[in-house]
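Participant: Got a sequence here, can you model it:
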Amino acid sequence: MRGRRPVDPDIRFAGKVVVITGAGSGIGKALALNLAAQGAKLALSDIDTDGLADTVRKAQALGAQVKADQLNVAERAKVLAYADDVADHFGCVHQVYNNAGIAYNGDVEKAAFKDIERVIDVDFWGVVNGTKAFLPHLIASGDGHIVNVSSLFGLIAVPGQSAYNAAKFAVRGFTEALRQEMLISGHPVKVTCVHPGGIKTGVARNATVCDGEDAQTLAEFYDRYLLLHSPEMAAQTILDGVRAGRARVLIGWEAHALDMLVRLIGPGYQRLTAAAAGRFFPWAKAGSAR
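Facilitator: Modelled structure (predicted):
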């Protein structure tokens with residue numbers, strides 16, 4: 001069997017202008033530092049200016065050129081202006097990592113409309129805003145790549161995560177359609193959808209909850225049982241996928257296992273997850289599945 005051709009680890013990143021949202025912590029920060037070490041030029045943004053400043057300091061210590069901006073990805077006009085500003089600053093844009101996101105836990109019955117809308121605005125519309133704003137610049141670069149971060153919960157739904165599931169399933173559909181459009185049009189833009197499993201970031205720890213739930217209990221449960229992998233591992237897995245031009249990147253054994261489960265048994269997985277949630281999730285109540 002013919003072996004794989006060795007790949008230069010810098011071939012996709014050295015000298016490239018790379019945009020990363022949510023770069024102040026977690027996967028975004030790990031991506032920024034990994035890419036800084038590989039010679040990329042970085043446009044980093046986050047709503048958290050303190051976290052962003054720390055990422056910028058560390059990236060610059062690795063020798064990277066960095067443009068840093070506070071940005072709320074849900075504010076479309078500002079994202080559109082930001083894209084033009086980045087392109088003017090660096091002269092072009094090669095890669096965009098739409099990574100910024102938030103989490104919320106609450107049953108549909110109890111969740112307030114405003115809380116659902118907030119998750120959709122950041123986790124879905126933030127990806128759409130970033131994609132639409134930067135796509136013309138990626139096409140113009142002649143060597144573009146857009147990476148949209150969905151989730152394991154964009155592959156499998158679980159109780160209490162309806163808003164997050166909705167946003168992340170939407171990111172998956174949007175990104176997969178975009179990839180096909182780029183193939184049909186012949187535009188020089190690759191597209192990758194990322195599905196992280198349990199990554200040790202602040203997204204789950206800082207999740208808001210509906211009335212009547214305990215955010216601290218939720219955070220402790222995630223930390224103890226569900227957050228399994230480091231942001232650095234996640235970033236490296238993403239960049240390996242980008243380098244290989246993969247359409248989909250799964251992060252963590254649990255993401256691979258649950259993706260396979262859904263493929264094998266289809267909607268039947270819902271009874272299994274409902275039973276598991278009723279037994280183990282501190283915010284869920286056990287009940288009979290219909």
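Participant: Worst mean pLDDT across the helices and strands of the protein, which element?
Facilitator: Using mean pLDDT, DSSP states H and E, the weakest-scoring helix or strand in the chain turns out to be helix 215-221, at a mean of 54.
Participant: For the strand of greatest length in the chain, C-alpha coordinates in PDB please.
Facilitator: Using DSSP state E, we find that the single longest strand of the chain is strand 189-196. Only the C-alpha atoms of strand 189-196 are listed here, as PDB (Å, rounded to 0.1, in the frame of the first residue of the first chain):
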ATOM      1  CA  VAL A 189     -12.000  28.600  -1.100                       C
ATOM      2  CA  LYS A 190     -11.900  25.400   1.000                       C
ATOM      3  CA  VAL A 191     -14.500  24.900   3.700                       C
ATOM      4  CA  THR A 192     -14.300  22.900   6.900                       C
ATOM      5  CA  CYS A 193     -16.900  22.200   9.600                       C
ATOM      6  CA  VAL A 194     -15.500  21.400  13.100                       C
ATOM      7  CA  HIS A 195     -17.300  19.300  15.700                       C
ATOM      8  CA  PRO A 196     -15.500  19.400  19.000                       C
END
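Participant: Report all helices and strands that that strand contacts.
Facilitator: helix 126-141, strand 144-149, helix 162-185, helix 231-244, strand 248-251, helix 253-265 (3 or more CB pairs under 8 Å, 6 or more residues apart in numbering; DSSP states H and E). In short, each C-beta sits where N, CA and C put it, glycine included.
Participant: Give the buried residues for stretch 269-277.
Facilitator: 269-270, 273-274, 277 (16 or more other CB atoms under 10 Å).
Participant: what's the answer for stretch 65-78, then?
Facilitator: By 16+ other CB under 10 Å, the buried positions in stretch 65-78 come out as 65-69, 71-76, 78.
Participant: what mean pLDDT does it have?
Facilitator: Taken as a whole, stretch 65-78 has a mean pLDDT of 98.
Participant: ok, the spatially most central residue of the chain - contacts?
Facilitator: The residue lying closest to the centre of the chain (CA atoms, centre = their mean) is Val149, at 2.5 Å. Val149 is in contact with 27, 97-99, 101, 127, 171, 194, 196, counting by CB atoms under 8 Å, 6 or more residues apart in numbering.
Participant: between the residues you listed, which is closest to Gly241?
Facilitator: Val194 (7.3 Å; CB to CB).
Participant: Residues in a beta bridge with the closest one, which ones?
Facilitator: Val149, Val249 (DSSP bridges).
Participant: show me what contacts it?
Facilitator: 147-150, 238, 241, 248-249, 251.
Participant: change it to 10 Å
Facilitator: Residues near Val194 by CB atoms under 10 Å, 6 or more residues apart in numbering: 27, 97-99, 147-151, 154, 171-172, 175, 234, 237-238, 241-242, 246, 248-251, 255.
Participant: Tell me, how many residues neighbour Lys112?
Facilitator: Just so we're on the same page, residue 112 is Ala rather than Lys. 12 (other CB atoms under 10 Å).
Participant: separation between it and Gly106?
Facilitator: To Gly106, Ala112 is 8 Å away according to CB to CB, to the nearest Å.
Participant: and if you look at Ala43?
Facilitator: 34 Å.
Participant: What ranges in the stretch 51-200 of the chain fall below the confidence cut-off?
Facilitator: In the predicted model, the stretch 51-200 of the chain carries pLDDT under 70 at residues 200.
Participant: Appreciated, that's everything.
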